[in-house]
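J.: sequence? don't have it. structure:
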């Protein structure tokens, strides 16, 4: 992969990611390093779950780092791309802080698609209840027992303009 192609990819991710954040009441996106940026902190202000000594509780702020290593266009290791920064006690089958399993993350997956996947995970729009396919088996059992509460946050990631059709979501 040529360095120029990767730089062009990063530049487009910045434009598209900032455009999504500007159209959202639930996502704040901060470029952290590089020009064009190769790392971001996504601040999701949506409803998800945390677990502490007193039980499972709702939380409304989640910080995730998204990094694009130089090999991102050829191979993807989700553990090197996604890092849960806070809170450390998120309660979700796909999260065992600091690790987040987004499912299949293909080489060159756009930033906007990654942001949608994280949002859908946090809010329980995307959830597995199969303990053998999860980072947090205990959260799988919780999700199975509380399907009537899911998704936790029905608000859309992208706000709709008056009269606009629903936003296009990523394909799995």
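T.: Looks like it arrived, so ask away. As the structure is a prediction and not an experimental result, all values here were calculated from the model.

J.: got the buried residues for the longest helix that the chain contains?
T.: Longest helix in the chain, counting residues (DSSP state H): helix 3-22. For helix 3-22, burial by neighbour count (16 or more other C-beta atoms under 10 Å) applies to 6, 9, 10, 13, 14, 17, 18, 20, 21. For every residue, glycine as well, the C-beta is placed using N, CA and C.

J.: list the contacts of the fourth one.
T.: To tie it back to what came earlier, the one meant is residue 13. With contacts defined as C-beta atoms under 8 Å, 6 or more residues apart in numbering, the neighbours of residue 13 are 36, 37, 68, 110, 111, 112.

J.: which members of those occur in helices, if any?
T.: Those of those mapping onto helices are 111, 112, per DSSP H.

J.: can you tell me which of the contacts of residue 13 are buried?
T.: Of the contacts of residue 13, these count as buried by 16+ other C-beta under 10 Å: 36, 37, 68, 111, 112.

J.: circling back to that earlier point, now the buried residues of helix 3-22 as JSON lines including distance to residue 143?
T.: Shown next, in JSON lines, are those (distance: C-beta to C-beta, whole Å):
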{"residue": "6", "distance to residue 143": "37"}
{"residue": "9", "distance to residue 143": "35"}
{"residue": "10", "distance to residue 143": "35"}
{"residue": "13", "distance to residue 143": "31"}
{"residue": "14", "distance to residue 143": "34"}
{"residue": "17", "distance to residue 143": "29"}
{"residue": "18", "distance to residue 143": "32"}
{"residue": "20", "distance to residue 143": "26"}
{"residue": "21", "distance to residue 143": "28"}
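
J.: beta partners for residue 66?
T.: residue 40, residue 82 (DSSP bridges).

J.: read off the pLDDT value for it.
T.: Turning to residue 66, the model gives it a pLDDT of 98.

J.: and it, how many neighbours does it have?
T.: Residue neighbour count, defined by other C-beta atoms under 10 Å, stands at 22 for residue 66.

J.: for the protein, give me the ranges with low pLDDT.
T.: 1-2, 160-172 (pLDDT under 70).

J.: for the most centrally placed residue in the chain, give me its contacts.
T.: Residue closest to the average C-alpha location in the chain (C-alpha atoms, centre = their mean): residue 118, at 1.6 Å. Residue 118 sits next to 42, 44, 64, 66, 82, 100, 102 when contact means C-beta under 8 Å, 6+ apart.
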